[in-house]
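*Asks:* Model the following, please.
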Amino acid sequence: MVPVFRKGRKVNNFDLYANHSWYVPGVKGMFVLLGWFLIGNLLASLLVAIFAMFVPSEVMMDYSMLVVYPLSFIPPMMYAAQKSQRNSLFETGYKLNSSHFGPFKAWQIVVITVVLTYSFMVAFDYPNYLNFKLTTQNGFMKQFYDMLMETLSKMTGGPLWSSFLLTAIFAPVFEEWLCRGMVLRGLLTKMKPAWAIVISALFFAFIHMNPWQALNAFGIGLVMGYVYYKTGSLWLTMLIHFVNNGTAVVLSQVSSLEETDYWIEIIPAEMYAVLCLVGVLALVACLYAFYRIPVEQERGNIDTVTLEVE
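*Replies:* Numbering: from 1, shown residues only. Sure thing, here's the model as predicted:
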């Protein structure tokens with residue numbers, strides 16, 4: 001990694017996010033990053049279109065998103081790195097990844113985080129189901145939903161390994177860098193934490209570009225935002241993202257779940273009610289565990305960058 005210099009000192013090279021530490025975007029910067037992401041998506045799509053002239057169409061259909069998705073993040077990452085290097089001359093840097101676990105050991109906070117993720121998935125199944133029903137009552141919206149699902153199925157319709165790589169590996173790494181590591185970290189230094197978490201969750205929902213994923217994305221965005229605020233750990237939000245998406249990919253291969261995304265449609269009502277109650281109680285208990293982690297400053301447990309004298 002190329003070190004970032006600041007007044008004769010350099011960043012610890014073991015910090016994998018050092019090149020972005022001094023870019024701390026506000027609301028305006030959030031939209032600038034979004035713009036660069038959309039530009040990256042357009043350029044990556046054009047590149048894939050060129051390759052499609054020489055590669056069989058079935059191969060492109062199965063694997064094109066493995067190219068388009070990561071390449072879409074290169075422009076915002078380059079922009080953030082350039083802004084960070086310039087700002088490092090005169091501004092304070094804030095780490096994208098910190099490790100404030102309060103009274104818990106690392107392995108304990110990992111277990112709590114995994115339980116938190118699964119309890120959210122269970123507790124939020126019914127709100128997601130209601131959202132689906134309400135937004136597909138209109139004939140046009142139902143057609144749009146069917147078209148969107150068909151498109152997503154084609155884009156991720158390759159082997160299980162490619163869908164898992166795209167959804168459970170690429171998405172947590174790149175989206176968490178953008179939504180928590182850049183957007184939320186920046187907003188936490190400029191406004192009250194509650195507003196920063198809500199705005200970053202809305203941003204996370206918006207980049208999914210459809211109302212059926214947006215509600216769930218907003219809900220889990222609030223959860224990941226709170227976890228990031230309390231711990232400063234991007235690794236933990238990536239873990240939440242990985243468990244949520246990876247589980248969804250694996251379950252989509254189960255025959256009873258191939259035609260639905262909602263547990264309510266396949267589980268008996270009494271058992272479903274008990275499952276939801278357990279999910280809600282477990283979610284509250286896990287959030288309380290994170291509540292117990294003391295916050296050291298108003299921006300949350302996000303450390304400033306420690307610099308070394310050359």
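*Asks:* Other residues contacting the longest helix anywhere in the chain?
*Replies:* Using DSSP state H to define each element, the chain has its longest helix at helix 27-51. Helix 27-51 has contacts (Cβ atoms under 8 Å, 6 or more residues apart in numbering) with 23, 25, 60, 64, 67-69, 71-76, 79-80, 178, 182-183, 186-187, 199, 203, 207. C-beta coordinates here come from the backbone N, C-alpha and C atoms, glycine included.
*Asks:* In helices only, show me those residues.
*Replies:* By the criterion of DSSP H, membership of the contacts of helix 27-51 in helices covers 60, 64, 67-69, 71-72, 74-76, 79-80, 186-187, 199, 203.
*Asks:* Do a quick rundown of the helices in the stretch 151-300 of the chain.
*Replies:* Along the stretch 151-300 of the chain, counting by DSSP state H, counting those that start in this stretch, helices occupy 160-164, 171-176, 185-188, 193-206, 211-231, 234-251, 269-291.
*Asks:* tell me the mean pLDDT for the fourth one?
*Replies:* Mean pLDDT, taken over the full extent of helix 193-206, equals 96.
*Asks:* Need phi/psi at residue 94.
*Replies:* Dihedral pair for residue 94: phi -120, psi 130, per degrees, to the nearest 10.
*Asks:* Revised request: answer the last question for residue 299.
*Replies:* Per-residue torsions, residue 299: phi -80, psi 0 (degrees, to the nearest 10).
*Asks:* got a list of what it touches?
*Replies:* Per Cβ under 8 Å, 6+ apart, neighbours of residue 299: 94, 188-189, 193.
*Asks:* Go through these and name the one nearest residue 276.
*Replies:* Nearest to residue 276 among the contacts of residue 299: residue 193, at 28.8 Å, using Cβ to Cβ.
*Asks:* So what's the residue count around that closest one?
*Replies:* 18 (other Cβ atoms under 10 Å).
*Asks:* how close does it sit to residue 228?
*Replies:* To residue 228, residue 193 is 10 Å away according to Cβ to Cβ, to the nearest Å.
*Asks:* what sits in contact with each of the two?
*Replies:* Common contacts of residue 193 and residue 228 (Cβ under 8 Å, 6+ apart): residue 300.
*Asks:* how close does the closest residue to residue 172 other than its chain neighbours get to residue 170?
*Replies:* Distance criterion Cβ to Cβ, 6 or more residues apart in numbering; nearest residue to residue 172, sequence neighbours excluded, is residue 241 at 3.6 Å. Distance of residue 241 to residue 170, computed by Cβ to Cβ: 10 Å.
*Asks:* try residue 219
*Replies:* Note on residue 219: its distance to residue 170, by Cβ to Cβ, is 22 Å.
*Asks:* try residue 300
*Replies:* Distance from residue 300 to residue 170, counting by Cβ to Cβ: 26 Å.
*Asks:* same thing with residue 33?
*Replies:* According to Cβ to Cβ, residue 33 and residue 170 sit 18 Å apart.
*Asks:* ok, the residue nearest to residue 172 touching residue 175?
*Replies:* Yes. Counting by Cβ atoms under 8 Å, residue 175 is a contact partner of residue 241 at 6.7 Å.
*Asks:* Show me which of residue 33 and residue 170 is the more surrounded one.
*Replies:* Taking other Cβ under 10 Å, residue 33 and residue 170 do not tie; residue 33 has more neighbours (25 against 17).
*Asks:* pLDDT at that one, what is it?
*Replies:* Per-residue pLDDT puts residue 33 at 97.
*Asks:* same check, this time on residue 150
*Replies:* You'll see residue 150 listed with a pLDDT of 66.
*Asks:* now swap in residue 185 and tell me
*Replies:* Residue 185 carries a pLDDT value of 97.
*Asks:* Low-confidence ranges, the stretch 1-150 of the chain, go.
*Replies:* In the predicted model, the stretch 1-150 of the chain carries pLDDT under 70 at residues 1-17, 57-62, 148-150.
*Asks:* So residue 171 is in contact with residue 241, correct?
*Replies:* Yes. Assessed by Cβ under 8 Å, residue 171 is found in contact with residue 241 at 6.4 Å.
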